[in-house]
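A.B. asks: Next one to model:
(one chain, ligands or ions: 2)
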Amino acid sequence: MRKIEAIIKPFKLDEVKEALHELGLQGITVIEAKGFGRQKGHTELYRGAEYIVDFLPKMKIEVVCPASLVERAVEAISAAARTGRIGDGKIFILPVEDVVRIRTGERGEDAI
Ligand SMILES: Nc1ncnc2c1ncn2[C@@H]1O[C@H](COP(=O)(O)OP(=O)(O)OP(=O)(O)O)[C@@H](O)[C@H]1O
Ligand SMILES: [Mg+2]
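C.D. replies: Ligands and ions are numbered 1, 2, ... in the order given. Sure, this is the predicted structure:
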């Protein structure tokens, strides 16, 4: 299993959510985040206005999925989140050792 952590532009959240849903991924965690990438000290467009890049509002999405689905999920997130402008975001992929579904006690991929 893997955890995909995607930092995206907030207005892209719905499109990314739909893309993941179409893949059959059911669980998702969304965290309001702030951050910056490589343009620190330069300007980045946010909702049509230029900002000095300090900490810009971002949305962090966390999805745990079977390893076999990771590439498709990453492609779906990338396609949905891309505008082609700077600040489109980044995707991190981490190993997940185990999952526990609290209500049923299921473990591993059964619990995703
Ligand atoms: N190395 C990193 N570690 C942790 N978070 C990061 C890292 N790089 C980017 N982020 C997060 O992702 C968000 C979007 O990054 P961003 O898309 O601006 O990356 P970039 O490398 O500057 O690419 P681009 O040149 O397309 O803007 C940042 O605001 C930050 O929250
Ligand atoms: Mg950037």
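
A.B. asks: Quick check: residues of this protein near ligand 2?
C.D. replies: Counting by Cβ under 5 Å from the ion, the residues of the chain lying close to ligand 2 are 37, 38, 39, 86, 87. To be clear about C-beta, it is placed using only N, CA and C from the backbone, and glycine gets the same treatment.

A.B. asks: Show me what from the chain comes close to ligand 1.
C.D. replies: Proximity of the chain to ligand 1, by Cβ under 6 Å from any ligand atom, involves residues 7, 33, 35-39, 56, 58, 86-90.

A.B. asks: what would these look like in TSV with secondary structure and distance to residue 45?
C.D. replies: TSV is the format used below for the residues of the chain next to ligand 1 (DSSP: H, G, I helix; E, B strand; the rest coil; distance: Cβ to Cβ, whole Å):
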residue	secondary structure	distance to residue 45
7	strand	16
33	strand	18
35	strand	16
36	coil	14
37	coil	13
38	coil	15
39	coil	10
56	strand	10
58	strand	14
86	coil	8
87	coil	7
88	coil	11
89	strand	14
90	strand	17
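
A.B. asks: Just the buried residues of those.
C.D. replies: Buried residues within the residues of the chain next to ligand 1, counting neighbours by 16 or more other Cβ atoms under 10 Å: 7, 33, 56, 58, 87, 89.

A.B. asks: picking that back up, minimum pLDDT in the residues of the chain next to ligand 2, which residue is that?
C.D. replies: Among those, residue 39 carries the lowest pLDDT, at 75.

A.B. asks: Return the distance of that residue relative to residue 79.
C.D. replies: Shown here: residue 39 relative to residue 79, a distance of 23 Å by Cβ to Cβ, to the nearest Å.

A.B. asks: Check the spacing between the residue of the chain found nearest ligand 2 and residue 64 real quick.
C.D. replies: Nearest to ligand 2, among the residues of the chain, is residue 37, at 3.0 Å (Cβ to the ion). For residue 37, the distance to residue 64 (Cβ to Cβ) stands at 24 Å.

A.B. asks: Residue 3 now?
C.D. replies: Computed as Cβ to Cβ, the residue 3 to residue 64 distance reads 5 Å.
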